[in-house]
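Visitor: Predicted model and sequence below, questions to follow.
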Amino acid sequence: MAGATGVSGTTSRTTIAVGGPAPYDVLVGPGVISELQQLLHGTPTVAVVVASGLEELAARVVDAVVVAGCRPVLLQVAAGEGGKDLSVVARLWDELGESGITRADAVVAVGGGATTDVVGFAAATWLRGVRVFHLPTTLLAMVDAAVGGKTGINTTAGKNLVGAFHPPSAVLVDLDVLSTLPAAEWVNGMAEVVKAGFIADPEILRLIEADPDGAARPDGPHARELIERSIAMKAGVVSEDLREAGPREALNYGHTLGHAIERAEGYRMPHGHAVSIGLIYAAELGRLAGRLDEETARRHRHLLEAVGLPTSYDGSSWKQLREGMSSDKKSRGARLRFVVLDGLAEPGILEQPDEELLERAYLEVAR
């Protein structure tokens with residue numbers, strides 16, 4: 001799953017290049033917010049869209065916009081999945097219009113994964129696409145949501161079923177933000193880090209196993225390496241496949257059941273928790289289908305529990321979850337498709353598995 005991505009930089013800043021039809025860089029390091037001054041130079045107006053509760057960070061971003069010589073417009077959205085709603089996008093469209101945002105201007109998204117998703121979608125659809133820069137503030141957004149160009153909102157039909165592919169102009173992963181990140185939010189994002197290890201980079205798993213307590217907190221000794229390895233993995237995949245026509249589908253490992261759980265829970269369960277449970281389900285499905293060895297399947301549960309993530313679920317009926325999986329965007333017509341492993345770092349597709357097999361795998365999660 002290697003891709004056309006490059007990792008370079010100094011001890012203070014790492015640059016991870018994302019290729020494809022609209023290449024851009026992910027900048028990782030302390031204080032990289034200041035890079036906005038150069039990135040935005042010459043831009044007339046910049047709409048800074050910030051998630052609620054991040055006003056202090058938003059002020060720093062606005063300062064960088066002003067130093068760049070741009071006119072700042074500060075807008076706000078609700079934090080979390082509750083902000084990924086069509087009504088929020090409609091309000092953003094109105095505010096972008098009132099602010100006079102043109103194709104010569106830009107948008108900066110400041111917040112977690114839900115914020116980068118909804119602001120990215122607003123940017124993708126305003127004037128059929130204006131530049132967007134992501135400043136992710138959670139681990140989940142840093143390693144997953146802000147990288148790759150996917151944008152989207154939720155509807156009653158399911159999660160992220162309405163969206164667009166709109167690569168950002170740059171992603172700024174400012175490690176100073178981690179000093180204020182709640183421990184629970186770090187753990188939430190670790191589900192995507194563990195996923196990255198299983199589908200492509202086993203060194204991530206080794207680092208977690210070597211120091212599980214450190215891996216479970218943002219000030220752990222390997223925090224930066226875990227972040228950079230996870231970003232580099234995703235950058236390589238999306239460089240090859242922006243629109244999920246091939247290898248990018250592997251990034252959905254654990255997400256089919258995970259999204260069904262989120263929908264059943266009314267999006268009140270943290271995304272990482274749902275994905276963690278979904279990873280266990282996918283591992284057991286692969287094992288029961290004869291695709292994955294027992295040791296690697298057990299390793300999923302061990303690693304996820306070691307960093308404090310849930311590995312079982314009984315909050316909804318199997319019938320409700322099965323119906324939720326049918327609306328998953330990875331399905332092809334009426335045929336269910338699951339990403340499973342044929343071995344460590346060997347993702348594959350299991351298409352239209354037997355219904356009995358699906359339920360047996362769920363019993364391993366529901367226990």
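Guide: Yes, it's here. What you see is a predicted model, and the numbers here were worked out from it, not measured in a lab.

Visitor: Residue ranges of each domain in this protein, please.
Guide: 7-180, 186-217+253-366 (automatic domain parsing).

Visitor: out of those domains, nearest to Asp241?
Guide: Closest approach to Asp241 among the domains of the chain is made by domain 7-180 (8.2 Å; CB to CB). The C-beta positions use only the backbone N, C-alpha and C, and glycine is treated the same way.

Visitor: so which strand or helix has Ala114?
Guide: In this assignment (DSSP states H and E), Ala114 forms part of helix 113-125.

Visitor: Can you show me the CA trace of that helix as PDB?
Guide: Output of helix 113-125 as PDB, limited to C-alpha atoms (Å, rounded to 0.1, in the frame of the first residue of the first chain):
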ATOM      1  CA  GLY A 113     -12.900  15.800  12.300                       C
ATOM      2  CA  ALA A 114     -16.500  16.800  12.200                       C
ATOM      3  CA  THR A 115     -15.500  20.400  11.600                       C
ATOM      4  CA  THR A 116     -13.100  19.700   8.800                       C
ATOM      5  CA  ASP A 117     -15.700  17.500   7.200                       C
ATOM      6  CA  VAL A 118     -18.500  20.000   7.200                       C
ATOM      7  CA  VAL A 119     -16.300  23.100   6.500                       C
ATOM      8  CA  GLY A 120     -14.600  21.200   3.700                       C
ATOM      9  CA  PHE A 121     -18.000  20.400   2.200                       C
ATOM     10  CA  ALA A 122     -19.100  24.000   2.400                       C
ATOM     11  CA  ALA A 123     -15.800  25.100   0.700                       C
ATOM     12  CA  ALA A 124     -16.300  22.400  -2.000                       C
ATOM     13  CA  THR A 125     -19.700  23.600  -2.800                       C
END
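
Visitor: ok, back up a step: dump the domains of the chain to a markdown table, plus mean neighbour count.
Guide: Formatted as a markdown table, those follow (neighbours: other CB atoms under 10 Å):
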| stretch | mean neighbour count |
| --- | --- |
| domain 7-180 | 20 |
| domain 186-217+253-366 | 19 |
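
Visitor: So which of the ones you listed is nearest Ile227?
Guide: Using CB to CB, the domains of the chain put domain 7-180 closest to Ile227, at 5.8 Å.

Visitor: Make JSON lines out of the domains of the chain and add distance to Pro247.
Guide: JSON lines is the format used below for the domains of the chain (distance: least, CB to CB, whole Å):
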{"stretch": "domain 7-180", "distance to Pro247": "12"}
{"stretch": "domain 186-217+253-366", "distance to Pro247": "8"}
